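>>> dropping a prediction and its sequence here:
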Amino acid sequence: MIETGDSGRTWLLTGASSGYALRLTERDELIHLHWGPRISLAAAEALAAAPEPPPRGFESPLDGREEYPVEGGPRFVRPALSVRTPEVRGTEWTFVDAVVEGDELRVHFTDRVHRLALTLHYRMRDDSDVIERWATVAHAGPDGPSLELLRADAAAWTLPARDGWRLNRLHGRWAAETRLARTELTYGESVISSRRGHTGHQHLPWVALDADGAATEEHGEVYGCALGWSGSWRISVQQLPDGVVQITGGAGHDDAGLLLLAPGESYVTPVFAGLWSGEGFGGASRAWHAWQLAHVVPDARQLRPVLYNSWEATGFDISRDQQRTLAERAAAMGVELFVVDDAWFGRRTSDRAGLGDWTPNPDRFPGGLKPLADEVHGLGMQFGIWVEPEMVNPDSDLYRAHPEWVQHFPGRERTEFRHQLVLNLARSDVREYLWEQLDALLTNAPIDYVKWDFNRSFTDAGWPGEEYPQKLWVEHVDGLYALIDRLRAAHPSVAFESCSGGGGRIDLGILSRTDQVWTSDNTDPLDRLAIQEGFGQIHPARVMAAWVTDSPNVQLNDRVSSLRFRFVSAMAGVLGVGGDLAEWSAEDLAEARNWVDLYKEIRPVVQHGALYRLRAPRGGLSAVQYVHGEETVVLMWLQAQRFGERPPALRLRGLDPAATYTCLDTGSVHHGSVLLHQGLHSGLRGDLDARVLRLRRA
């Protein structure tokens, strides 16, 4: 709901349990008023009528108060907008009007010197506390010099003054993504970013702050922000001298401009979403999850199938007969989606050749992919494939025909990672080629699922002959989005997974176009507990792909773990299997079938339920709980046991305290307001053990 004050210069957005207010001064300054618990319009107007703070020497009266600080005028904070022409830099704006349409508020400004039009967008839905913000910057003049956008952030978020703040973020690297870090926020500026051309393994574009580090999983105020952009990005958290915190975020990094806008051209930023929760980090996570499932993730109400991926079984040495044998074993296990990974195309017998040539290898698949896909469908499973469309090997027909299509600088050596270069998707001819290849692929074979990979970062992001080559950083991602959108429109029954060497491209932008994401190349079940804890701070289990692979885990650390521990770890998200089924014993296959059957029973609760993190994976016992309607599922992992100590009892959350619940695994009855009885842990012993409990309201 959006309400406008009597003066027409105060606006209040109200969601499920929170509110957000702003006002326009008589000097056309857009000032932040409130972000937190719900308030009335009268209370918002009272805040708007409050006297301005007294001026202080060497400080700006606008800093920390403006909704969208720009470069220029009496401002010293990090600007959200920086624009220049050959003669003038900075912005001086004039208010035009404000429009409320449904759940969106649009506030319009102009700069008469630059002939720039700026629109600030706000959306808050009645069923959520997430506020979606973005900006549109346009060159409104019929003529004149182009405008260089050095920076155009999506939004600036202002937090109230507190004695201190704790900054929560997700950091990592390849095979160690989304690990939660919590540190005291100090005065000055803290920046997290990616300069790699994609979201990156190093940070997810999300931050959360709680006052004085006082919030817990279920109690306390938490402010969070998440950026929906799949390219290079930056989020800046500034604590100003008076204690006010302001967070800006958007596409691009500091060393390159964004775009050059000719007259009539415009730029729409990605969404930078914000959320206030009064129910701690757990409440914030559940609110983020519910919003994404309702308004971001495509077809989120559909349950994701159990998949088998053949990569770890076969590597680059694949054939139709071999894949059929694996498919038969997967089908007997209860798998619902069979995926052929790398090496089905071109001359792809290693990572040195074939990328860019998206036609089936005639020696390995003489009849194309359709015969294998038909056999997989005949086994009762869907059929999927792996692609990496944004990349090309120098040893490929595509590169030999079009070496100019890759990102490069004239006269510079073309840097290779994994023997591949990056295609420039900002070019329309590159996008058209990929469209023709991928559309033909999905048309000529009954393919149900595409795993879309991206296995290297930008290094030589040049575009010879282009007037403003820096725009590649933005327009490559726009081209990626346009290509996926076009493929989804033409093939609406095909599901897409985003992968980037694991978790290198996970953000709200790619999640609005894909059905799930590959969380990490690390499939070690113990390591995954920490990775999945961080992932769940912002994203729901419904999009978190997780595999059961072989033991020892030869891909990473040679750790030995039981099939039970591997399955229960992977059942916390979208279950997949990636081991070499040809080497699994009959006993292993039978046990795996039981785990797959159990996952299918609990899948609606895990993929669509509310998440409660009962104990963090810090050693000893860790556990998560999902609540969906009358059903509750608890996944528990005992990482290690010392001195014969029994695991502690757990207090379940999210249940009706007046109701009783029956444990379907033991038949015991539990009250909704008491601890989960220790006896239910009696099966957990030693190291790397795990258990699944199902409860139903009696």
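Yep, that arrived. Numbers count the residues shown, from 1 in each chain.
>>> can we go C-alpha only for contacts and neighbour counts from here?
Will do.
>>> next one: stretch 575-589 to chain centre, how far?
Relative to its chain's centre, stretch 575-589 lies at 30 Å (C-alpha atoms, centre = their mean, to the nearest Å).
>>> please apply the same query to stretch 666-674.
Relative to its chain's centre, stretch 666-674 lies at 36 Å (C-alpha atoms, centre = their mean).
>>> got the end-to-end distance for that stretch?
This stretch, stretch 666-674, spans 17 Å end to end (C-alpha to C-alpha, to the nearest Å).
>>> mind listing what's buried along that stretch?
By 16 or more other C-alpha atoms under 10 Å, the buried positions in stretch 666-674 come out as Val669, His670, His671, Gly672, Ser673.
>>> roughly how far does the residue sitting nearest the centre point of the chain sit from Thr199?
In the chain, the centroid-proximal residue (C-alpha atoms, centre = their mean) is Asp507; its distance is 2.5 Å. Computed as C-alpha to C-alpha, the Asp507 to Thr199 distance reads 7 Å.
>>> common neighbours of these two, please.
Common neighbours of Asp507 and Thr199 (criterion: C-alpha atoms under 8 Å, 6 or more residues apart in numbering): Pro205, Trp229, Ser230.
>>> off-centre distance for stretch 117-126?
With C-alpha atoms, centre = their mean, you get 21 Å for stretch 117-126.
>>> can you pull out the helices in the stretch 401-550 of the chain?
For the stretch 401-550 of the chain, the helices defined by DSSP state H, counting those that start in this stretch occupy 428-444, 472-490, 508-511, 525-535.
>>> Cys499: which of these is closest?
Closest of the helices of the stretch 401-550 of the chain to Cys499 is helix 508-511, at 10.1 Å (criterion: C-alpha to C-alpha).
>>> what's that closest one in contact with?
By C-alpha under 8 Å, 6+ apart, helix 508-511 touches Ala226, Leu227, Gly228, Trp229, Ser230, Pro270, Val296, Val297, Pro298, Tyr481, Ser498, Val517.
>>> cool, stretch 92-101 as well?
So stretch 92-101 is in contact with Ile2, Asp28, Gly72, Gly73, Leu105, Arg106, Val107, His108, Phe109, Thr110, Asp111, Arg112, going by C-alpha under 8 Å, 6+ apart.
>>> for Arg564, what are phi and psi?
phi -60, psi -50 (degrees, to the nearest 10).
>>> contacts only, for it.
Contacts for Arg564 (C-alpha under 8 Å, 6+ apart) come out as Asp689, Ala690, Arg691.
>>> cool, and Gly579?
Contacts for Gly579 were tallied using C-alpha under 8 Å, 6+ apart; they are Ser310, Glu312, Ala313, Val548, Thr549, Asp550.
>>> what sits closest to the fourth one if chain neighbours are left out?
Ranked by C-alpha to C-alpha, 6 or more residues apart in numbering and with sequence neighbours excluded, the top spatial neighbour of Val548 is Val577, at 4.6 Å.
>>> now for that neighbour, how many residues are close by?
Here the number of neighbours of Val577 (other C-alpha atoms under 10 Å) works out to 26.
>>> tell me what it is bridged to.
Tyr308, Val548 (DSSP bridges).
>>> give the closest residue to Val517 in space, chain neighbours not counted.
Ser498 (4.7 Å).
>>> I should have written His419 there, sorry.
His419's closest residue in space is Arg352 (C-alpha to C-alpha, 6+ apart), at 5.4 Å.
>>> which phi and psi does that neighbour have?
Here is the backbone geometry of Arg352 (degrees, to the nearest 10): phi -90, psi -10.
>>> ok, it - contacts?
Asn393, Asp395, Arg418, His419, Gln420.
>>> one more time with 7 Å, if that's ok
For Arg352, the contact set (C-alpha atoms under 7 Å, 6 or more residues apart in numbering) comprises Asn393, Asp395, His419.
>>> then Val627?
Shown in contact with Val627 (C-alpha under 7 Å, 6+ apart): Val605, Gly609, Ala610, Leu611, Val633, Gly654.
>>> quick one, what contacts the last one?
Okay, so that is Gly654. The contact partners of Gly654, by C-alpha under 7 Å, 6+ apart, come to Val627.
>>> so it, which of the three states?
coil (DSSP: H, G, I helix; E, B strand; the rest coil).
>>> so which of the helices of the stretch 401-550 of the chain gets nearest Leu185?
Closest to Leu185 of those is helix 525-535 (C-alpha to C-alpha; 19.3 Å).
>>> which positions in that closest one come out as buried?
Residues of helix 525-535 classed as buried by neighbour count (16+ other C-alpha under 10 Å): Pro525, Leu526, Arg528, Leu529, Ala530, Ile531, Gln532, Glu533, Gly534, Phe535.
>>> from the contacts of Arg564, which land in strands?
Asp689, Ala690, Arg691 (DSSP state E).
>>> okay if I get these as TSV plus neighbour count?
Below are the ones in strands among the contacts of Arg564 laid out as TSV (neighbours: other C-alpha atoms under 10 Å):
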residue	neighbour count
Asp689	22
Ala690	25
Arg691	19
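>>> okay, the spatially closest residue to Pro469 that is not a sequence neighbour and Asn424: tell me how far apart.
Nearest non-adjacent residue to Pro469, counting by C-alpha to C-alpha, 6+ apart: Trp463, 5.2 Å away. Using C-alpha to C-alpha, we find Trp463 at a distance of 8 Å from Asn424.
>>> tell me, what's touching the two both at once?
Joint contacts of Trp463 and Asn424 (C-alpha under 7 Å, 6+ apart) are Gln407.
>>> and these two? Which one has more around it.
Asn424 (27 against 22).
>>> surely the more buried one and Pro403 touch.
No: applying C-alpha atoms under 7 Å as the test, Asn424 and Pro403 come out as separate, 10.8 Å apart.
>>> what comes into contact with the longest helix along the chain?
In the chain, with assignment by DSSP state H, the single longest helix is helix 586-608. Residues from elsewhere that reach helix 586-608, judged by C-alpha under 7 Å, 6+ apart: 303, 333-334, 541-542, 567, 571-573, 626-628, 631-633.
>>> so what's the gap between stretch 349-359 and the chain middle?
Using C-alpha atoms, centre = their mean, the offset of stretch 349-359 from its chain centre is 28 Å.
>>> report the mean confidence score over it.
Averaged across stretch 349-359, pLDDT comes to 96.
>>> report the contact partners of Leu688.
Neighbours of Leu688 in contact, by C-alpha under 7 Å, 6+ apart: Ser561, Phe565, Trp637, Leu638, Gln639, Ala640.
>>> on that earlier part again, show me the contacts of helix 508-511 that map onto strands.
Ala226, Leu227, Ser498, Val517.
>>> which of those tops the neighbour count?
Most surrounded of the ones in strands among the contacts of helix 508-511: other C-alpha under 10 Å gives Leu227, at 29 neighbours.
>>> hmm, back to that, just the buried residues of the contacts of Gly579.
Looks like these have Ser310, Glu312, Ala313, Val548, Thr549, Asp550 buried, using 16+ other C-alpha under 10 Å.
>>> wait, doesn't the fourth one sit right on Ser569?
By that I understand Val548. No: taking C-alpha under 7 Å as the definition, Val548 is not a contact partner of Ser569, at 8.3 Å.
>>> between the contacts of Arg352, which has the most around it?
Busiest of the contacts of Arg352 [other C-alpha under 10 Å] is Asn393, holding 25 neighbours.
>>> quick revisit: from the contacts of Gly579, which is closest to Ala155?
Closest to Ala155, out of all of the contacts of Gly579 and judged by C-alpha to C-alpha, is Val548, at 40.1 Å.
>>> need the contact list for the closest one.
So Val548 contacts Thr523, Arg566, Phe567, Ala570, Gly576, Val577, Gly578, Gly579 (C-alpha under 7 Å, 6+ apart).
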